[in-house]
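**Student:** Provided below for reference: sequence and predicted model.
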Amino acid sequence: MIKDKFFDRQFYLDFLHKRIGGLKYGYRQNIAITGDEFIGKTSLILKFLKQFSDNRIIIVYLETRPESLASFAKRFIGTLLYAFLMNSGITLKEDLDFLLNKSQRYIPKTVESINTILNSLGKNNRNNLFAELMSLCEIINQEAGKYCVVVFDEFHNLENIGAKKLYHEWSKLLVLQKNTMYIIISSMQFKTKAILARDLSLLFGNFELISLEPFDIKTSLEYLRQELRTLSLEKKLLDFIVRFTGGYPLYLEIITKALLNNRTTDLPGLLEDLLFDTSSILNQKFSNYIKRFLGSTYSQDYLSILYLISCGHNKIKDIAHILHKPRKEILARLNYLLEVDTLTRSGDFLKINDRLFGFWMRFVYQEKLHSLTFDIKNQKAQFRENLEAMISEFVINAQKSISDRVAELMRLFEDETIQLERKRIRLTHFREIKPLEFNTKGLEGGLIARSRENVWVMAFKQHLVTEEDIAEFALECRKYRHKLQRKIIITFDNVDSNAKLRALEEKILTWDLSQLNQILDLFSRPRVIA
């Protein structure tokens, strides 16, 4: 999360404005926002709250935490009333009695219901208290004509407030409440998806799932150029920072601040300080993250699996072979790492979600663990050597053509499967991969790859892919129809809406750099930054 300023995320802000603005016109769509820790979910909501202004809509933002049901109830009521009175011209206090007293004049029925809830907090058998609290939003709508948007940040903590049959009660409300909208936010992506699929899967009132992604390449570079405009950092190093951080706002912020504070362009030296030194912010962050595994029965298995994946051994069969353990046992450990969002799975491949943590795991944690001496100076020198080798490899690859880089990638395919977006793709082991020229204006060359049974045809486009490009590419591909399995256009830009529809008709896959880089990541190859 970038704390000092908010950068970009305009797509998500516009999305929230549209969905929340539609509530007062009878369009209610609940939203679930997920994303990795520190990706900027809370920053997004707080930025939205700062921008949004509509006297007919009350936004109730609550950071959920493990607490008693009584404590939660009082916090929810206080936040609801404070938000209701926000535009009343009254100088507000964060005091529940004060808020109740001031609200009595405007929403007496709501206050009466609140007092009933507060008087019952000490009593037993309050099984439906959560539902009663949420129903206050509908009472406000009936009394004052205002619509409520309830935002639960890290909503999964609601499970720890002691509300019985929480999801059962909530799911009934989600169907009935037409004038209340819910936005739930969570860093626990695996768990959130399971809850939405199992406990809150509804015909009406269901949640639209939005995944907050890291900055894309263009946005990351814009951020770096803006922040580092007073430093003369080479383009290749800016590109490497984008690759190294994966576009995570927190890591971009930490690195740029460190570069500016030290007034240095020595990126390897800076990253050495940030990642290797035990007192550094990133070293402490990752060391604390490791501690969650150390107390468990299978801690060594978890750490060994993470280390192997960070080194590029990211297929289940390879991990089981190297650790000399049954596949069933490895799957049990992997399932836990998937459930706590340390890993994600893409077909036959596994990936550490936090790429910087993966680097630290491989070159800092494990190196220190395996060191025979306490020679910190030597360990740091080895770390810097590894870092400089990575930068050098990145720069060398960046000088290659996209055709050469994709061909090198495809030579690594061994009939594995991956999951790209919602499509499962088998990465055929090819016996021949050759450059391909097209007799068209738009397409800028490509590749043809053959196996015994299949042919893949690829085309590359620097700029926007148009419907005409799709039509021309489809025509070229018809030459290989008898064995053709995949038709793919890779673009550095985007695909216009008409081209997307035509591509679906022609069964052509359109990949942008984000999708190509996902595959490069799985094979531990440097990303393409363009």
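**Tutor:** Happy to help now that I have it.

**Student:** Touching, R362 and I309? I think so.
**Tutor:** No - with contacts counted by C-beta atoms under 8 Å, R362 stays clear of I309, the gap being 9.2 Å. C-beta here means a position set from N, CA and C on the backbone, and glycine is covered the same way.

**Student:** Mind checking which of these two has more residues around it?
**Tutor:** Applying other C-beta atoms under 10 Å to R362 and I309 shows that I309 carries more neighbours, namely 25 against 19.

**Student:** The strand or helix carrying D14 packs against which elements?
**Tutor:** If you go by DSSP states H and E, D14 is part of helix 10-21. Under the contact definition 3 or more C-beta pairs under 8 Å, 6 or more residues apart in numbering; DSSP states H and E, helix 10-21 sits against helix 41-51, strand 57-63, strand 180-186, strand 207-211.

**Student:** Quick check: buried residues in it?
**Tutor:** Neighbour-count burial for helix 10-21 flags 12-13, 15-16, 19-20 (criterion: 16 or more other C-beta atoms under 10 Å).

**Student:** Stretch 127-140 now?
**Tutor:** Residues of stretch 127-140 classed as buried by neighbour count (16+ other C-beta under 10 Å): 129-140.

**Student:** Quick check: most distant residue from the centroid of this protein.
**Tutor:** Here the centre of the chain is the reference, and by C-alpha atoms, centre = their mean the most remote residue is R105, at 44.4 Å.

**Student:** hang on, it in a strand?
**Tutor:** No - secondary structure of R105 (DSSP: H, G, I helix; E, B strand; the rest coil): coil, not part of a strand.

**Student:** Okay, strands next: where are they in the protein?
**Tutor:** Using DSSP state E, the strands found in the chain span residues 30-34, 57-63, 147-153, 180-186, 207-211, 343-346, 349-352, 416-420, 423-427, 432-436, 446-450, 455-461, 484-491, 509-511.

**Student:** so which of the ones you listed comes closest to K218?
**Tutor:** K218 lies closest to strand 484-491 among the strands of the chain, at 13.2 Å (C-beta to C-beta).

**Student:** What residues does the closest residue to N454 other than its chain neighbours make contact with?
**Tutor:** Leaving aside its sequence neighbours, N454 sits nearest to Q485 (C-beta to C-beta, 6 or more residues apart in numbering; 4.0 Å). By C-beta atoms under 8 Å, 6 or more residues apart in numbering, the contact set of Q485 is 428, 453-456.

**Student:** cool, and R9?
**Tutor:** By C-beta under 8 Å, 6+ apart, the contact list for R9 reads 40, 43-44, 47.

**Student:** For it, give me the backbone phi and psi.
**Tutor:** phi 60, psi 20 (degrees, to the nearest 10).

**Student:** and it, what pLDDT?
**Tutor:** Here the pLDDT value assigned to R9 is 92.

**Student:** That one and P214: what is the separation?
**Tutor:** Note on R9: its distance to P214, by C-beta to C-beta, to the nearest Å, is 11 Å.

**Student:** where in the stretch 1-150 of the chain is pLDDT low?
**Tutor:** Within the stretch 1-150 of the chain, the stretches with pLDDT under 70 are 1-5, 124-126.

**Student:** now swap in the chain and tell me
**Tutor:** Those would be 1-5, 124-126, 203-204, 371-374, 482, if you go by pLDDT under 70 across the chain.

**Student:** In it, where's the longest helix?
**Tutor:** helix 376-398 (DSSP state H).

**Student:** So for that helix, what gets flagged as buried?
**Tutor:** Neighbour counts over helix 376-398 (16+ other C-beta under 10 Å) mark 379, 383-384, 386-387, 390-391, 394, 397-398 as buried.

**Student:** Over to stretch 69-76?
**Tutor:** Across stretch 69-76, burial judged by 16+ other C-beta under 10 Å covers 69-70, 72-76.

**Student:** Filter the residues you listed down to just the ones in helices.
**Tutor:** 69-70, 72-76.

**Student:** Now render those residues as TSV, adding distance to N314.
**Tutor:** Listed next are those as TSV, based on distance: C-beta to C-beta, whole Å:
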residue	distance to N314
L69	43
A70	47
F72	41
A73	46
K74	48
R75	43
F76	43
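
**Student:** which one of the residues you listed is nearest K178?
**Tutor:** Nearest to K178 among these is F76, at 20.3 Å by C-beta to C-beta.

**Student:** which ones are touching the closest one?
**Tutor:** With C-beta under 8 Å, 6+ apart, F76 has these contacts: 60, 62, 133.

**Student:** got CSV for those, with distance to G162 too?
**Tutor:** Below are those laid out as CSV (distance: C-beta to C-beta, whole Å):
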residue, distance to G162
V60, 21
L62, 16
L133, 13
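
**Student:** What is the nearest of these to R355?
**Tutor:** Using C-beta to C-beta, these come closest to R355 at L62, 32.0 Å.

**Student:** so who does the closest one touch?
**Tutor:** L62 makes contact with 75-76, 79, 150-153 under the criterion C-beta under 8 Å, 6+ apart.

**Student:** now L331
**Tutor:** With the criterion set at C-beta under 8 Å, 6+ apart, L331 makes contact with I316.

**Student:** Distance check, it against Y251.
**Tutor:** Distance, L331 to Y251, by C-beta to C-beta: 31 Å.

**Student:** just Y365 next, same as before
**Tutor:** The gap separating Y365 from Y251 is 17 Å, by C-beta to C-beta.

**Student:** Over to Q300?
**Tutor:** Distance from Q300 to Y251, by C-beta to C-beta: 28 Å.

**Student:** Comparing these two, which shows the higher neighbour count?
**Tutor:** Neighbours per residue (other C-beta under 10 Å) separate Q300 from Y251, with Y251 holding more: 21 against 12.
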